[in-house]
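> Build me a model:
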Amino acid sequence: MELSKLFLLSPARMDGVRAGHLLRPGASFELARRLRREGLPLAEAFTFASGLYFRGKIAYARRFGETPAGAVRVITTNAGLLDPRRRVRPADLRRFGSVAIHHEDPRFHGPLRRHAAAWARKLADDGLAVLLGSIATAKYREVLVDVFGDRLVFPEDFVGRGDMSRGALLLQAARQGRELPYIPVKGAKWSGERPEGWRATWGRIGAPGARREP
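Numbers count the residues shown, from 1 in each chain. Here you go, the predicted model:
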C-alpha cells in the first residue's frame, strides 16, 4: 500500500544536560535504570532528553501518522530514519551524541538520504512527508528537500515560534484531534513574528513537562 503521509521528526540532542543525566552510569532514577537494563524506545529516550518539544512532536505524529496509510520515523545523527518504537541502549545514545547534525557530514547525511529515498518510493504521488522540526538551517532540510521535493511540507504555524511554543502547539493539536495546515518547505518563509498568545499556550500546556527533572 502506498503511503499518504510520512511524519519525519527532528532528533533530540544527546550531548546536552538532560541526556547526560540519563546516560550517567550511576543514575538511580527509574528511566536510567531501564535504559541500562533493557533499553528504551527511541521516542521515550528522546522525549526525556528534549522535554516538551519532542513530547509534542511524537504525540502529534502518532495521532495523525499511525494509520494504515501513514508512518512515523525519527531522524537520527548516524542511523538515518528510525522507528520511534525501536529500543536503544546507552551505547546507541552515545553514538548519536558523537555525530553532529550537518548536511555536509557524510556520517549524518549518508544514512538519512538512503532511508529517505526508500520512504519516498513508498509515498503516493500526492502523498506528503511532514517535517516536524526546524527548517531555518540547512541541517536535514537540504537532504530532505532534495529527496522529497514539493512533497516535503511542515506546519505553517511553526513560522515565528520557538521550540517550546511548537511543542505546546503540537501537543494541544494532538489532544484536540486537530491536524494543522501544512505548506511546502521549498520556498517557505523560514522566520517571522511569533504569533500572539504563544506564551499563554506554552504556560498552560508546556510548563509542567518542561520543568521535569530527574
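
> Show residues contacting the strand ranked longest in the chain.
Counting by DSSP state E, the longest strand found in the chain is strand 123-132. With contact meaning Cβ atoms under 8 Å, 6 or more residues apart in numbering, strand 123-132 is reached by 2-10, 57, 60-61, 65, 119-120, 140-141, 144, 148, 151-155, 170, 182, 185. C-beta: built from backbone N, CA, C; applies to glycine.

> Now which of those would you call buried?
3-10, 57, 60-61, 65, 119-120, 140-141, 144, 148, 151-155, 170, 182, 185 (16 or more other Cβ atoms under 10 Å).

> Inside strands: which ones of the residues you listed?
Filtering those for strands - DSSP E - leaves L3, S4, K5, L6, F7, L8, L9, L152, V153, F154, P155, Y182.

> ok, the third one - contacts?
When you say that, I think you mean K5. With contact taken as Cβ under 8 Å, 6+ apart, K5 is in contact with F64, G65, T67, A69, G70, A71, G127, L128, A129, V130.

> ok now do the first one, which residues does it touch?
What that stands for is F64. K5, F7, G70, A174, E179.

> The third one too?
Residues near T67 by Cβ under 8 Å, 6+ apart: K5.

> 10 Å instead, please
Shown in contact with T67 (Cβ atoms under 10 Å, 6 or more residues apart in numbering): L3, S4, K5.

> What's the local residue count around V159?
Neighbour count of V159, defined by other Cβ atoms under 10 Å: 18.

> what's in contact with the helix or strand containing H21?
If you go by DSSP states H and E, H21 is part of helix 17-23. Helix 17-23 is contacted from outside by 12-15, 27, 29, 31-32, 35-36, 40, 45-46, 48-51, 90-91, 93-94, 96-97, 212-214, using Cβ under 10 Å, 6+ apart.

> From what I see, W119 and D83 are in contact.
No - counting by Cβ atoms under 10 Å, W119 stays clear of D83, with 11.7 Å between them.

> How many residues are close by P84?
By the criterion of other Cβ under 10 Å, P84 has 23 neighbours.

> hang on, it packs against R55?
No - in terms of Cβ under 10 Å, P84 does not count as a neighbour of R55; the distance is 11.9 Å.

> what touches both of the two?
Between them, P84 and R55 share the contacting residues A43, F46, T47, judged by Cβ under 10 Å, 6+ apart.

> Can I get the buried part of these as one ChimeraX selection?
A single ChimeraX command selects the buried members of the shared contacts of P84 and R55 (16+ other Cβ under 10 Å):
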select :43,46,47
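
> got the contact list for the nearest residue in space to S50 that is not next to it in sequence?
Take S50 and drop its neighbours on the chain: the residue closest to it by Cβ to Cβ, 6 or more residues apart in numbering is A12, 3.6 Å away. When contacts are counted by Cβ under 10 Å, 6+ apart, A12 touches 18-19, 42-43, 45-51, 53-54, 57, 74, 76, 93, 96-97.

> Sitting in helices, which of those residues do you find?
Applying DSSP state H to the contacts of A12, the entries found in helices are 18-19, 42-43, 45-50, 53-54, 57, 93, 96-97.

> Looking at those residues, spot the one nearest R113.
If you rank the ones in helices among the contacts of A12 by distance to R113 using Cβ to Cβ, F96 comes first, at 17.7 Å.
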